[in-house]
Each structure stands twice: as C-alpha cells, then as structure tokens.
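Peer 1: Show me how the following folds:
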Amino acid sequence: MSSLEGINWVRLSFVDVFGVGHSMQIPASRFDGAVKEGEPFDGSALEGRARLLETDMRLQPDPSTLVEIGDGLARAVCNVLTFDGRRWPGDPRTALVSVVEDLGELAQEYTSSYGVDVDACHHEAGPGQYEIDLAAIGPIALADAIVLTKQVIREVAADARMRATFMPRPFADEPGSGLHFLQRVSGRFFAEDGSLDQMGRSFVAGQLVHARALSALAAPTVNSYKRLHSGAEAPSAAVWAHVNRGALIRVSSYMGRDASIEFRGADPSANPHLLLAGMLVAGADGIEREMALAPAVEEDLGGFDPAGSDSVRFDALPRDLDDALDALLSDDVMVDAFDRQLLSRLIDGRRAEAAAYRNQVTGWEIERYLDEA
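Peer 2: Residues are numbered from 1 along each chain as shown. As a prediction, the model looks like this:
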C-alpha cells in the first residue's frame, strides 16, 4: 500500500513479551508523524511491557507493513520506542530486528514457511483441528504474520459465534497443536544432492545444542509440556532425523528450493519474535563454532534409554516449564542474545504461571484421591 488514500483510521499493532498482540487506533492524518517520531502511548497499561519509569513510550509503525483491511481502516505493525525516540530493548520485535541486523546476510536470507500466503489447509487428527501451511518469508515479516494470523482467525471465529484456540493441548485424549518452522537460507545449507552441507550441519547442531534453552521460548506455557513427550509425533529429545517425526528437527529429503530444516519443538503459545530470534542465534552459534552434527536418529524414542547405547547420545527436552526456564538461564549464548529486562520480565511472568499451576487442585485429583486417601 503506497498511500493512505481512502483510509480514515490506522490500527497500530504490537506484541508484548508473552506474544500477545495488542493494538491502538489513530486517525490516518497522524500516521506519517507516527512513522517519523512515534505515537505516544502509556506503556504501563500493558502486562510485561514497562517498569514504572518507562510508562511514557512511543509506537513507531513500520511503513512496509501498512495494509488496508477494509471500511476505511488500515493496519501497521510497530516497534516500541522510549519516550525520547530510542529503540526500547524490552520490545520483542526490536529484539528480533537486532538479531537480524547483527547476523547480517545469514539472517536476511533466512526464511521459514509460516508466512502470510496460504499454500494449503487440511484437517488434522483432532476434532476441529486444522493445519494451515503458509508461504515462506523473512523472519521479521514472519513473526508479524503469525501474530496477525492468530488475531484474524480468532476474529472470524467470534463473528461465527465460535471460539478458535491455539492452546498447545486443549484435550487430554486428543493430539496437541504444534507450530513447525521449515527453515531455509537461499543457496546455503544444502548440497546439490539435497544433503546438508557443512554450514547446514553446523546450523542444525547449534539448534540441538541450545534446544533445552530454546524450549523456554518455543514451549512457554505449562500446557506446552502436555504436548511435548506425549507421543503423537511430538518431540521429546534434542535429536534430528529425516523420517522420524518424534525428532526435534527433521531435514527434508527434497532437493532445490523445497529442501528445508524443520524445527518441530514449538507450539502456537510461543512469542514468534523471541522464538525466531533464539532459533537464529542458536543456529548461528553452531556455524561460528563449527559444531559437528551427531548422526540422525530414526529410532522410535519412546522408552529409549540413551545411557544404554554407545552409539546414540542425546539430551531429553525439558519435562516442564520450570525445567525449560532453568535451561534458558544457564545458557550464556541465549541469555546474552536478549535484553536483560526483557528476559527477566519473561522469566518472572512464566515462573508465576508455573507456581499458580502447581497450587491448583484439579478434577483428576479429586476423582482419584477424594475417597482413596
């Protein structure tokens, strides 16, 4: 969209540290000023966005994201600025932008298949469960698109008096919902025969080495861990494979532009800006340190004990949210990739959720123990 002709209002969209999308609307006449200087807003009004000293902040729309959405209304995705116009490092989108800038060409050519254009849609195994396959775009546009996609689906469902959920596992006896990323870098990672080249192998190795820390970003809720380790093609260990759908990473057998590195450890509750930043940092660390990639694991990992094997060694993914948060805090590469305030706010918020969950007495417990104890 090249102009605001016919537009009366612009919805400024942004995301908080927990991946929840928010928005405010301004008259179209103020849009150009917002692009140049930022639109003032009260940062203290939103969970996780600011300390008391940072309540006066600004939203700066990215003009490349401006799109008309109907009835005289347009939408643009924003970065969060401090009141004096500096990038605010506690903003998840700013964190991803910084990683992309720091990694240069590698990150700029990185794409993942979860974009805006729909390639395919089909019913999945669970009741009312659908998979949407979306086209490949760059990391910043991709993260913006995931937030927007969830908002649009929820709005359409609500208009039909229905409720769409992206909860990782809403039903105990049905498969959960994942968020899989098919990663590519133009002209890199793959040899002509479709196998991983040395850079590709090191990229995958980096993501596996940092897999436990990445779990705090990829599976950031207590419910996430009822999908992981559940079987049903959900990963449980930091291994890679070509065929095994229980692996954290699957490397396709395709050649050319269809070749990809599929990261299977995430679910839709993830903040896509923070997750993509973490995935890029982990892969780039593998490349920088020239990490060696362990052999692929095609075996069924259910009940498999790596301690009893000399040929297969791997780390199990975290069993719960606290385990994942501990792994993130102990990973210096991941910690150094993010602003300390952002990371502290994220971890404190998720710790509080885990503590609240532990204090709940569930219906299962009542049914099981009310008369047994």
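
Peer 1: What ranges does the stretch 51-200 of the chain have for its strands?
Peer 2: Remark: strands assigned in the stretch 51-200 of the chain by DSSP state E, counting those that start in this stretch are 56-61, 67-70, 73-82, 110-123, 130-137, 181-185.

Peer 1: what's the answer for the stretch 251-373 of the chain, then?
Peer 2: 261-263.

Peer 1: where does it dip in pLDDT?
Peer 2: 302-313 (pLDDT under 70).

Peer 1: Same question for the stretch 1-150 of the chain.
Peer 2: If you take pLDDT under 70 as the line, the stretch 1-150 of the chain has these spans: 1-2, 44-54, 111-119, 122, 134.

Peer 1: thinking again about what came up before, make TSV from the strands of the stretch 51-200 of the chain and add mean neighbour count and distance to residue 192 to it.
Peer 2: Any C-beta I mention is one placed from the backbone N, CA and C, and that applies to glycine too. TSV is the format used below for the strands of the stretch 51-200 of the chain (neighbours: other Cβ atoms under 10 Å; distance: least, Cβ to Cβ, whole Å):
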stretch	mean neighbour count	distance to residue 192
strand 56-61	22	43
strand 67-70	12	38
strand 73-82	22	38
strand 110-123	15	20
strand 130-137	15	21
strand 181-185	22	15
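
Peer 1: Of the ones you listed, which is nearest residue 208?
Peer 2: strand 181-185 (13.2 Å; Cβ to Cβ).

Peer 1: and that closest one with strand 130-137, angle?
Peer 2: On the basis of axes from the mean of the first three to the mean of the last three Cα atoms, to 10 degrees, strand 181-185 is oriented at 10 degrees to strand 130-137.

Peer 1: Which strands or helices does strand 181-185 pack on?
Peer 2: Under the contact criterion of 3 or more Cβ pairs under 8 Å, 6 or more residues apart in numbering; DSSP states H and E, strand 181-185 touches strand 110-123, strand 261-263, helix 272-288.

Peer 1: quick one on the thing from earlier: can I get the strands of the stretch 51-200 of the chain in TSV including distance to residue 243?
Peer 2: TSV is the format used below for those (distance: least, Cβ to Cβ, whole Å):
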stretch	distance to residue 243
strand 56-61	44
strand 67-70	39
strand 73-82	37
strand 110-123	19
strand 130-137	19
strand 181-185	16
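
Peer 1: For residue 298, grab the count of nearby residues.
Peer 2: 14 (other Cβ atoms under 10 Å).

Peer 1: Next up, phi/psi of it, please.
Peer 2: Dihedral angles of residue 298 (phi, psi; degrees, to the nearest 10) stand at phi -100, psi -10.

Peer 1: Contact partners for it?
Peer 2: 241, 242, 243, 244 (Cβ atoms under 8 Å, 6 or more residues apart in numbering).
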